[in-house]
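Engineer: Need a 3D model of the sequence below.
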Amino acid sequence: MLIKKGAEANLYIEQWEGKKVIMKRRLAKAYRLPQLDLAIRTQRTLHEPLLLHRAKETGVPTPIIYMIDLAESNIIMEYIDGKQVKRILNDLPQEEKLRLCHHIGVLIGRLHKGGIIHGDLTTSNMILTAFGEICFVDFGLGEYSEELEIRGVDLHLMKRALQSTHYKYAKECFKAVAAGYTESMGTEEAKKVLQKINEIERRGRYIEER
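Structural biologist: Okay, here's the model as predicted:
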């Protein structure tokens with residue numbers, strides 16, 4: 001059953017070996033040369049499971065990978081039973097909302113400290129499980145990097161996601177995310193990334209004003 005259509009891939013709920021799973025299928029792009037298209041899809045199909053595994057090693061919950069099918073550019077992975085943070089954050093009591101955002105910041109900090117950039121940090125890609133864990137999903141745009149600029153862009157996307165989807169609480173929620181991030185990254189490194197976010201925002205304002 002198709003549950004999400006994306007620019008790069010579609011997600012399906014399937015049964016596999018008696019388990020409920022997610023199948024991620026990367027789509028062929030007609031505008032690319034066939035050989036190039038296959039190479040790109042193959043590389044991304046290999047790359048994402050490695051990022052998911054590395055994220056686990058940093059202490060960030062991610063889905064278990066069950067199978068990789070390079071011929072079809074498919075990944076079969078664990079179905080995470082829970083609720084998207086996007087769907088629940090606005091309705092949580094204030095204290096719980098800030099606690100959750102603080103924990104999200106801790107997890108983002110663990111990723112960055114481990115040299116991982118998620119690439120699509122939105123509350124749609126975070127699932128709160130029945131056990132109270134936050135599981136990060138969809139590392140399709142992720143990469144390995146310790147560059148300050150790339151970390152800043154990654155965390156800035158989280159801030160923008162809060163402003164667009166959770167605008168009533170965006171300021172206090174991002175403050176909680178930043179506090180959790182600082183807890184993981186350390187004060188000095190976190191300060192650099194947060195300053196970089198301010199720089200990115202100033203650039204954006206300058207472009208809009210031109």
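Engineer: which residues in the protein form strands?
Structural biologist: Assigned by DSSP state E, the strands in the chain fall at 2-5, 9-16, 19-26, 65-69, 74-78, 82-84, 116-117, 126-129, 134-136, 143-144.
Engineer: Report pLDDT for the most centrally placed residue in the chain.
Structural biologist: Residue closest to the average C-alpha location in the chain (C-alpha atoms, centre = their mean): residue 121, at 4.0 Å. Note for residue 121: predicted pLDDT of 97.
Engineer: The nearest residue to it once chain neighbours are set aside: neighbour count?
Structural biologist: Nearest non-adjacent residue to residue 121, counting by C-beta to C-beta, 6 or more residues apart in numbering: residue 158, 4.1 Å away. Quick note: C-beta positions are derived from backbone N, CA and C, even for glycine. Neighbour count of residue 158, defined by other C-beta atoms under 10 Å: 25.
Engineer: Provide a list of residue ranges in this structure with pLDDT below threshold.
Structural biologist: Counting by pLDDT under 70, the ranges of the chain that qualify are 204-210.
Engineer: any idea how it splits into domains?
Structural biologist: As assigned by automatic domain parsing, the chain contains the domains 2-78, 82-209.
Engineer: out of the strands of the chain, deepest packed?
Structural biologist: strand 116-117 (a mean of 24; mean count of other C-beta atoms under 10 Å).
Engineer: partner strands of it, parallel or antiparallel?
Structural biologist: Using DSSP bridges, strand 116-117 pairs in its sheet with strand 143-144 (antiparallel).
Engineer: Other residues contacting the partner strand?
Structural biologist: Applying C-beta atoms under 8 Å, 6 or more residues apart in numbering, the contact partners of strand 143-144 are 51, 54, 115-117, 119, 150.
Engineer: Residues contacting stretch 34-45, please?
Structural biologist: For stretch 34-45, contacts defined as C-beta under 8 Å, 6+ apart pick out 8, 26, 28-29, 32, 68-70, 73-75, 140.
Engineer: Over to stretch 121-134?
Structural biologist: Against stretch 121-134 from outside (C-beta under 8 Å, 6+ apart): 61, 80-86, 88-89, 100, 103-104, 107-108, 118, 135-138, 154-155, 157-158, 161-162, 165-166.
Engineer: what does stretch 70-81 give?
Structural biologist: 13-14, 16, 19-26, 28, 41-42, 44-46, 48-49, 52, 63-69, 127, 129-130, 135, 137.
Engineer: Tell me where the chain has helices.
Structural biologist: 34-57, 85-88, 94-113, 148-165, 170-185, 187-209 (DSSP state H).
Engineer: nearest to residue 3, of those helices?
Structural biologist: Proximity to residue 3 (C-beta to C-beta) singles out helix 85-88 among the helices of the chain, at 13.6 Å.
Engineer: So for the closest one, what gets flagged as buried?
Structural biologist: Neighbour-count burial for helix 85-88 flags 85-86 (criterion: 16 or more other C-beta atoms under 10 Å).
Engineer: From the contact count, pick out the helices and strands touching it.
Structural biologist: strand 126-129 (3 or more C-beta pairs under 8 Å, 6 or more residues apart in numbering; DSSP states H and E).
Engineer: what pairs with the strand it packs on, and is each one parallel or antiparallel?
Structural biologist: Applying DSSP bridges to the sheet, strand 126-129 is found paired with strand 82-84 (antiparallel), strand 134-136 (antiparallel).
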